[in-house]
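> next input, structure requested:
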Amino acid sequence: MFQMRERTGYSSDAFADVYRNFGTPRPLPACGGAVLLRPIADTGLTDAVGFYPLFSCQNWDNLSADLMDLGRECVSLVLVADPFAPIGEPDLRRLFDRVVLYKHHFIADLSKPTREFVSAKRFRSARSVLRRIDVEVATDARAWVSDWMTLQHELDRRHTLKGMQRLSPDAVALLFQVPGAVVFRAQFQGATVGMHIDIVENGRAYAHLAAYSGEGYRLNVSTALNVYELEYFRGRVERIDWGGVAGHSDDPEDGLGVFKARFSNARIPAFLCGRIFDDRSYEDLTSRRAKTCASYFPAYRSGETL
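Residues are numbered from 1 along each chain as shown. Take a look at the predicted model:
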């Protein structure tokens, strides 16, 4: 018989609490996961969405029962399935109406030596930066919330953060306390120049969020911290999931994709999954929209960002 483990990382209640400002966390008790309920403006109806950046649960075999219950409350559900979920695309298609390749994630398989997939030149460059900066791994990262907010402001200025990517100080403090959260901070001459937040779950580390100061960009702290993480997690996890490229693109030649490939030795697909529970309401909501994007799900939220 399957026994629920302590819920850590993306499937934990603590992770769901981080996003309470964006909706109402809704536990899925049979599978050991959660989604976010959100009102559909001016309708009295509700739909559900997986948390950023992916949906994880403890027992995927039980997800079907949870979806049946969820369907009594919601018009639709959309989520990005953990690419390491122990079910394949055919199984996802049995659970969801819509299953499309969302993007590929860049993976570092730590059973292979770092030098086997990170070039000697890049490794030397990272080591040079690491000699100039101080890297800490938090034992209690709550004291670093203000540092993260300063870096997030710079990240927002450069890339315009939207939806769940832009967190309040209270949400950051909650994120830092999620079981499985590992927070790295890089400092240069006493000033914080970069931070990475990883989520560890089921023997994998997921690169959740990263941000740098202007000086951090100049120093190439991103490369240094990635190499630091490769060594830090060796022996602690089996793989690091660096995630995919930004936005809705899946172009491996995208600048971020090229960067992540430098620290990876595999790519695996992540699927966006959608399910309509209330066909009549879904069609009515979609018909009210003057413009919709055929590839967007749910169509009635076309153009929105969460």
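
> contact partners of the lengthiest helix in the chain?
Identified as the longest helix of the chain according to DSSP state H is helix 145-159. Here helix 145-159 makes contact (Cβ atoms under 8 Å, 6 or more residues apart in numbering) with 161, 166-167, 169, 172-173, 176, 185, 192, 194-195, 197, 211-214, 216, 246. Glycine gets a C-beta too; all of them are placed from N, C-alpha and C.

> and the residue nearest in space to the middle of the chain, which of the three is it?
In the chain, the centroid-proximal residue (Cα atoms, centre = their mean) is Pro53; its distance is 2.7 Å. Put simply, Pro53 is coil when judged by DSSP: H, G, I helix; E, B strand; the rest coil.

> tell me, what's the model's pLDDT at it?
According to the prediction, Pro53 has pLDDT 94.

> that one is in contact with Gly243, isn't it?
Yes. Contact criterion Cβ atoms under 8 Å: Pro53 and Gly243 qualify, at 6.5 Å.

> who touches both of these two?
Common contacts of Pro53 and Gly243 (Cβ under 8 Å, 6+ apart): Tyr206.

> pretty sure Val200 contacts Gly9?
Yes. Applying Cβ under 8 Å, one finds Val200 in contact with Gly9, separated by 6.2 Å.

> what's the overlap in contacts for the two?
Gly180, Ala181, Tyr206.

> now render the residues you listed as JSON lines, adding secondary structure, pLDDT and distance to Arg20.
Formatted as JSON lines, those follow (DSSP: H, G, I helix; E, B strand; the rest coil; pLDDT from 0 to 100; distance: Cβ to Cβ, whole Å):
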{"residue": "Gly180", "secondary structure": "coil", "pLDDT": "96", "distance to Arg20": "19"}
{"residue": "Ala181", "secondary structure": "strand", "pLDDT": "97", "distance to Arg20": "17"}
{"residue": "Tyr206", "secondary structure": "strand", "pLDDT": "98", "distance to Arg20": "21"}
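
> make a ChimeraX selection of the buried ones in these.
In ChimeraX, a selection of the buried entries from the shared contacts of Val200 and Gly9 looks like this (16 or more other Cβ atoms under 10 Å):
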select :180,181,206
